[in-house]
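A predicted structure for the sequence below; I have some questions about it.
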Amino acid sequence: MLKALTTAATGLEAQQANLDNIANDLANVNTDGYKRANTEFHDLMYETIKEPGAKMGASSTTPVGIQKGMGVKVGATHKIFEQGPTKITNNPLDIMIEGKGLIPVTLPNTGEVVYTRAGAFKLDSQGRISLSNGALLQPQVTIPAESTGISISPTGDIKSRTAEGEVSIGQIQLVNFVNPQGLSAIGNNFYKATTASGSPQQGIPGEAGLGSVLQGALEASNVNVANRMIDMIGTQKAYEMNARVMSVADKMLEATTNIVR
């Protein structure tokens, strides 16, 4: 009965962690480029009372054993890099990736290169293409002061329009990873490469399996509210069942104690 209490407690903790992930997904339902998270559960170690195949006599063995589980734990959480819906903005500096890949940007304070799916770019005081938090597009592109507009092709070629015509001023490059689920989310829609993700594989949009670029649009969050609400209900019921197990185990323990009285 005491073991039932501790086992059920691990279930409560695991379901609480799952609910935290669901809450974060629902909080970011309107965050451009956000990717929903998935929680994986692993069972804990077992107490083996009888090994499967143990000898029962001179020539026979038991076909099954006896094991008692110790509960559950959160084995992993990772992002699901499924394409989000298209949100048309008609802003010439907004770009969306149609397919695989992330946009490399440079952080303003550290100069570290990180990656994002949120392409709401703007111009800073020097005419450089950057995000609202100051992260610069990598490779860096500067829009000339005399430019009357820009166009971005599906392959990422950036052209500036002037009185003399169009001139190419830069190239957007995308990055892919062998294991994008191994990326580390660091906030502000940024991901950082890790040993698990592998090295970044940079290339031209539309080539080597990378997606193409759509100008004047943003990728919305891939969180499906209806599905996450269903997940939340399932998590709530699982939490309630584990709490009920603790309550029943407590009553059984109380009944056992009362036998002595």
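Yep, that arrived.

could I get the full set of helices for the protein?
For the chain, the helices defined by DSSP state H occupy 2-27, 225-260.

pLDDT on the longest one, on average?
It stands for helix 225-260. The pLDDT scores in helix 225-260 average 91.

now that helix against helix 2-27, angle please.
160 degrees (axes from the mean of the first three to the mean of the last three Cα atoms, to 10 degrees).

quick check: nearest residue in space to Gly11, chain neighbours excluded?
Asn242 (3.6 Å; Cβ to Cβ, 6 or more residues apart in numbering). Where you see a C-beta, it was placed from the backbone N, CA and C, and this is true even at glycine.

what does Ala243 give?
Leu12 (6.5 Å).

right, and that neighbour touches Arg244 too?
No. Using Cβ atoms under 8 Å, Leu12 makes no contact with Arg244, being 10.8 Å away.

compare those two (neighbour count), which wins?
Leu12 (19 against 11; other Cβ atoms under 10 Å).

next one, pLDDT for the more buried one please.
pLDDT at Leu12 comes out at 96.

got a list of what it touches?
239, 242-243, 246 (Cβ atoms under 8 Å, 6 or more residues apart in numbering).

so which of these is the most crowded?
The contacts of Leu12, ranked by neighbours (other Cβ under 10 Å): first place Asn242, 22 neighbours.

where along the stretch 1-150 of the chain do the strands fall?
Along the stretch 1-150 of the chain, counting by DSSP state E, counting those that start in this stretch, strands occupy 37-43, 46-50, 66-69, 72-79, 86-88, 95-98, 103-106, 113-116, 122-123, 129-130, 136-137, 149-152.

what packs against the longest one?
Helices and strands touching strand 72-79, as assessed by 3 or more Cβ pairs under 8 Å, 6 or more residues apart in numbering; DSSP states H and E, comprise helix 2-27, strand 37-43.
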